[in-house]
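> need a 3D model of the sequence below.
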Amino acid sequence: MEQSETHPISKFRLIGGLFLLAFVFYGGGSVFVENAQPIFGLVFMLANSVTVIFIGALLRPIIFKYSPFYANVYLGTRFAEALLLGIGATVLVLGPPGFNGGELNTTLYRLAMIILGLGSIGFCRWLIVTRAVYVALAWLGLVGYLLLAMAMMAEFLGSENWATILLIPGALFELIFGLLLFFVGVPRSWHARQR
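This is a model prediction of the structure:
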């Protein structure tokens with residue numbers, strides 16, 4: 001694969017690695033909290049917030065060339081996600097005695113995922129138009145993020161069984177996208193169009 005002066009392969013590998021780390025940090029943090037190791041859990045969950053901000057910051061200048069609007073919306077989306085998840089984790093672990101931090105954390109998580117789902121539509125549209133990844137994968141992302149937002153709305157309405165099923169496409173997209181960028185990068189034809 002060739003290297004672009006503007007967007008070196010290492011930058012895409014970093015972005016892919018960050019997508020994968022976000023899974024590890026938030027999932028691992030949740031496991032720590034559930035297993036009575038709240039401080040480790042909080043550290044991991046806050047590390048997730050930092051990770052998603054970096055994802056937005058690294059992708060913004062790449063997307064900006066094609067659509068400043070999509071680029072700014074995506075960065076704002078990742079900042080909002082990071083803030084809501086970070087506040088939720090902090091309240092969950094450090095909330096005062098008798099305060100139901102778990103309920104607030106769940107509410108903030110759902111809001112963060114709705115924002116992520118809706119705010120990532122432009123990002124996936126950019127992937128489809130520019131063919132920065134396989135078009136089928138980009139469409140999986142678009143559908144997956146929409147279903148993510150719907151899943152969280154369904155949870156607010158009390159339909160948690162449906163919500164779990166609707167989360168699968170979005171999670172699958174982020175996992176495949178992260179692995180693809182980390183191990184392969186973007187297609188050579190995409191780099192050629194940047195020159």
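> and the helices in the chain?
Counting by DSSP state H, the segments of the chain that form helices are 9-34, 38-64, 68-94, 101-119, 121-130, 135-156, 160-183, 188-193.
> centroid residue for this structure?
In the chain, the C-alpha nearest the mean C-alpha coordinate belongs to residue 52, at 6.1 Å (Cα atoms, centre = their mean).
> now the helices of the chain as a markdown table including mean pLDDT?
Below are those laid out as a markdown table (pLDDT from 0 to 100):
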| stretch | mean pLDDT |
| --- | --- |
| helix 9-34 | 92 |
| helix 38-64 | 96 |
| helix 68-94 | 96 |
| helix 101-119 | 94 |
| helix 121-130 | 94 |
| helix 135-156 | 94 |
| helix 160-183 | 90 |
| helix 188-193 | 53 |
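> distance check, residue 40 against residue 73.
33 Å (Cβ to Cβ, to the nearest Å). Heads up, the C-betas are built off the backbone N, CA and C, glycines and all.
> these two: which has the busier surroundings?
Neighbours were counted for residue 40 and for residue 73 using other Cβ atoms under 10 Å; residue 73 has more, 20 against 15.
> next up, the contacts around the more buried one.
Going by Cβ atoms under 8 Å, 6 or more residues apart in numbering, residue 73 touches 119, 122.
> wait, doesn't residue 55 sit right on residue 18?
Yes: Residue 55 lies in contact with residue 18 (Cβ atoms under 8 Å); the separation is 5.0 Å.
> okay, buried residues for stretch 152-167 please.
152, 153, 154, 155, 163, 166, 167 (16 or more other Cβ atoms under 10 Å).
> does residue 143 touch residue 172 like I think?
No: using Cβ under 8 Å, residue 143 is not in contact with residue 172; the gap is 10.4 Å.
> how about the nearest residue to residue 69, chain neighbours excluded?
residue 122 (7.1 Å; Cβ to Cβ, 6 or more residues apart in numbering).
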